[in-house]
Each structure stands twice: as structure tokens, then as C-alpha cells.
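**Student:** Starting from these lines, generate the structure:
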Amino acid sequence: MSQENVEIVRAAFQAFENGDMEAVLGLCDEKIEITQAAELLGVSRHQHGHAGVLEAFAIWPEQWDDFRIEILRLADMGERVMVATLNRGRGKESGVLVEMPFTFLFAVRAGKITEWRLFMREEQALEAVGLAG
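**Tutor:** Okay, here's the model as predicted:
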């Protein structure tokens, strides 16, 4: 089941990259819980349900041109899937190219993503699953 969970998360990232939000929502539970990184200023810390997924995904493209998420690593963490990414974009107002590493933790149950947590550093994600030391 764990490799299946990894593939579900990978498919969600691919659907987002393709601009297919219907496919993303199809991979997310209707009651999904999203927690944004505490360090992100001006961003609502929590989103819920499919409306929350749309809200969370809209944060970045609204602020950046040419926004891209590059997956650096996907890892099966037992009950969770961890995804280390490098997000790139050009500020809409400044035109400055920005690269930001983020780490996501996803919970998948019954073939749907039920939880999504965003961290600024991989160590924070590992700590959240009890693997930091």
C-alpha cells in the first residue's frame, strides 16, 4: 500500500503541473486537512476540504510568474509520504527569480490524500513523524 500512496501523491503533483485541478481534487479526500508552514507570513495557516486545496494551490501562482514545483525526492514514511521540493518563480511585482525549498508530508487513506502539511525545512517534517534526532 505504501508504494501506492507514493504514486497517488506523485500523480497529484503531476496533475498540478499540468494545470488539471479536477484531477488534483479527485486524488484528495473531501475532508482533507491542510496546514501551511508557520513561517509563511500573510498565508492562512489552515485550509479544509476541496475549497481549501484550491485556496492552498492558488497562493503561489497569484504571487509568482512562471511558478514551478520540482520534486527532489519522494519518500515512503510508513503512514505518510514525504516530498522534498524546490519551488521556483519570478515575483510578479519585482521580477526577481526566487527558489524556495519546501517539504510536504501527506497522509493517504483509502486511495485519497487526507492530510497535507507544509514545512520550510526537511528536518521539521522528519521531526513531525518522530524521525528527527
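
**Student:** and the gap between the most centrally placed residue in the chain and Leu72?
**Tutor:** What sits nearest the mean C-alpha location of the chain, by Cα atoms, centre = their mean, is Phe104, with 5.0 Å. Here Phe104 is placed at a distance of 11 Å from Leu72 (Cβ to Cβ, to the nearest Å). Quick note: C-beta positions are derived from backbone N, CA and C, even for glycine.

**Student:** got any residues that touch both of those two?
**Tutor:** Taking Cβ atoms under 8 Å, 6 or more residues apart in numbering as the contact rule, Phe104 and Leu72 both touch Thr85.

**Student:** what about the nearest residue to Val108 once chain neighbours are set aside, helix or strand, and which?
**Tutor:** Spatial nearest neighbour of Val108, excluding adjacent residues (Cβ to Cβ, 6 or more residues apart in numbering): Asn5 at 4.0 Å. Element membership for Asn5, per DSSP states H and E: helix 2-17.

**Student:** Quick one: distance of the lowest-mean-pLDDT helix or strand in the chain to the chain centre.
**Tutor:** In the chain, the helix or strand scored least confidently by mean pLDDT, DSSP states H and E is helix 49-63, which has a mean of 85. Its chain's C-alpha centre lies 10 Å from the corresponding centre of helix 49-63 when counted by Cα atoms, centre = their mean, to the nearest Å.

**Student:** Neighbouring strands of the helix or strand just after that helix in the sheet, and parallel or not?
**Tutor:** Scanning forward in sequence from helix 49-63 by DSSP H and E, the next helix or strand is strand 64-76. For strand 64-76, the paired strands and their directions (DSSP bridges) read strand 80-91 (antiparallel).

**Student:** Give me the contacts around the partner strand.
**Tutor:** Applying Cβ under 8 Å, 6+ apart, the set of residues contacting strand 80-91 from outside is 5-6, 8-9, 13, 60, 63-75, 96-108, 122, 125-126, 129.

**Student:** Quickly run through the sheet partners of the helix or strand following it, with directions.
**Tutor:** Of the helices and strands lying after strand 80-91 in sequence (DSSP H and E), the nearest is strand 97-109. Pairing partners of strand 97-109, with direction, according to DSSP bridges: strand 80-91 (antiparallel), strand 112-119 (antiparallel).
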